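Enquirer: Here is my input; please provide its structure:
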Amino acid sequence: MAGGKSETPVSLSDRELQIIDLVAAGLTNQEIAVKLEISKRTVDNHISNILTKTETENRVALVRWALQWGKVCLNDVNCCSLPKQIE
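Expert: Take a look at the predicted model:
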């Protein structure tokens, strides 16, 4: 990561980014399916595609990748904060 985080190494769709966020939140594939109102099979396919694109082997590695590239925010870790307003 010598060049910083400005460029994501892969291209992910908005839906894939949404699913990564839900994986990082600890949801199972079934819970993601219910939340997004899609089938579990569709979630399985999305996660398989995401793992391939990100060259990660499992959900833990995927979340680590997402944190490294600034794709998720967990408990104020890896989050951008807005500048405080001067009163």
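Enquirer: so what's the spatially most central residue of the chain closest to, chain neighbours aside?
Expert: Most central in the chain under Cα atoms, centre = their mean is Ile20, positioned 2.8 Å from the mean C-alpha point. Nearest residue to Ile20 in three dimensions, chain neighbours excluded: Ala66, at 5.0 Å (Cβ to Cβ, 6 or more residues apart in numbering). C-betas here are computed from N, CA, C, even on glycine.
Enquirer: give me every residue that touches the one you found.
Expert: Ala66 makes contact with Ile20, Asp21, Ala24, Val72 under the criterion Cβ atoms under 8 Å, 6 or more residues apart in numbering.
Enquirer: tally of neighbours for the third one?
Expert: Translated: Ala24. 19 (other Cβ atoms under 10 Å).
Enquirer: ok, now which ones touch it?
Expert: By Cβ under 8 Å, 6+ apart, the contact list for Ala24 reads Val63, Ala66, Leu67, Val72, Leu74.
Enquirer: For the nearest residue to it once chain neighbours are set aside, which three-state class applies?
Expert: In space, and not counting its chain neighbours, Ala24 is closest to Val72: 4.3 Å by Cβ to Cβ, 6+ apart. Classification of Val72 using DSSP: H, G, I helix; E, B strand; the rest coil returns coil.
Enquirer: following the lengthiest helix in the chain, which helix or strand shows up next?
Expert: Secondary structure assigned by DSSP state H gives helix 40-54 as the longest helix of the chain. Sequence order places helix 59-68 as the next helix or strand after helix 40-54, per DSSP states H and E.
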